[in-house]
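# Give me coordinates for this.
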Amino acid sequence: MLSREEAFQKARHYCTYRERSQQEVRDKLYSLGLHSNDVENVIADLITAGFLNEERFARAYAGGKFRINGWGKNKIRNGLLQKKVSPKCIELGLSGIDERDYVNKLKKILSSKLKGVTKKELLIQRHKAAQFAIGKGFESALVWEVLNEL
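Predicted coordinates:
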């Protein structure tokens, strides 16, 4: 059984590797064999020391998933909900995504899906491209609006 100080050191190291949600740290501490009271105390200490910040995590998660994975806001929101991030922090994280970049990323995704399509296949391919973008988490109204512009 780890002492509270040893658990804090392990959790601190875990948090310095990359941004973590409180739930990820909580799960890690439970996997180390800590009891709920100790887990909550260590999490409070990490927050006080600045190693754990839900808002910072939400912004990093949203920005990374958008830029690197090309995810839309719906998929990012669901990912943050799975990590038990508060709705306020989720909205703050999503607000960090620039709207122009968001629409441009969507245009790029749709354009790449529609490359080399003949007139005959256009309706089917537009539908497939829309389904792909919606599956990546983009809002369906925005997807169809951008598709109609292309």
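# burial of residue 88, as a residue count?
Close neighbours of residue 88, defined as other C-beta atoms under 10 Å, add up to 11. Placement of C-beta: from N, CA and C, glycine included.
# For residue 56, see how far away it is.
Applying C-beta to C-beta, to the nearest Å, the value for residue 88 to residue 56 is 13 Å.
# Could you list the domains of this structure?
By the record's domain assignment, the chain is partitioned as 4-52, 55-95, 99-149 (automatic domain parsing).
# So what's the residue count around residue 81?
If we define neighbours as other C-beta under 10 Å, then residue 81 has 12 of them.
# do residue 141 as well
The criterion is other C-beta under 10 Å. On that basis, residue 141 has 8 neighbouring residues.
# same question, residue 132
When neighbours are defined as other C-beta under 10 Å, residue 132 has 15 of them.
# Renumber starting at 33 from here on
Will do, 33 is the new start, and the previous item becomes residue 164.
# Contact partners for it?
Residues in contact with residue 164, defined by C-beta atoms under 8 Å, 6 or more residues apart in numbering, are 141, 145.
# which element is it on?
Taking DSSP states H and E as the definition, one finds residue 164 inside helix 154-167.
# residues of that helix that come out buried?
157-158, 161-162, 165-166 (16 or more other C-beta atoms under 10 Å).
# Same question for stretch 55-72.
Judged by neighbour count (16+ other C-beta under 10 Å), stretch 55-72 contains these buried residues: 56-58, 60-61, 64, 66, 70-71.
# What is the end-to-end distance of it?
Terminal residues of stretch 55-72 lie 11 Å apart, using C-alpha to C-alpha, to the nearest Å.
# What average pLDDT does that stretch get?
Over the span of stretch 55-72, the pLDDT mean works out to 91.
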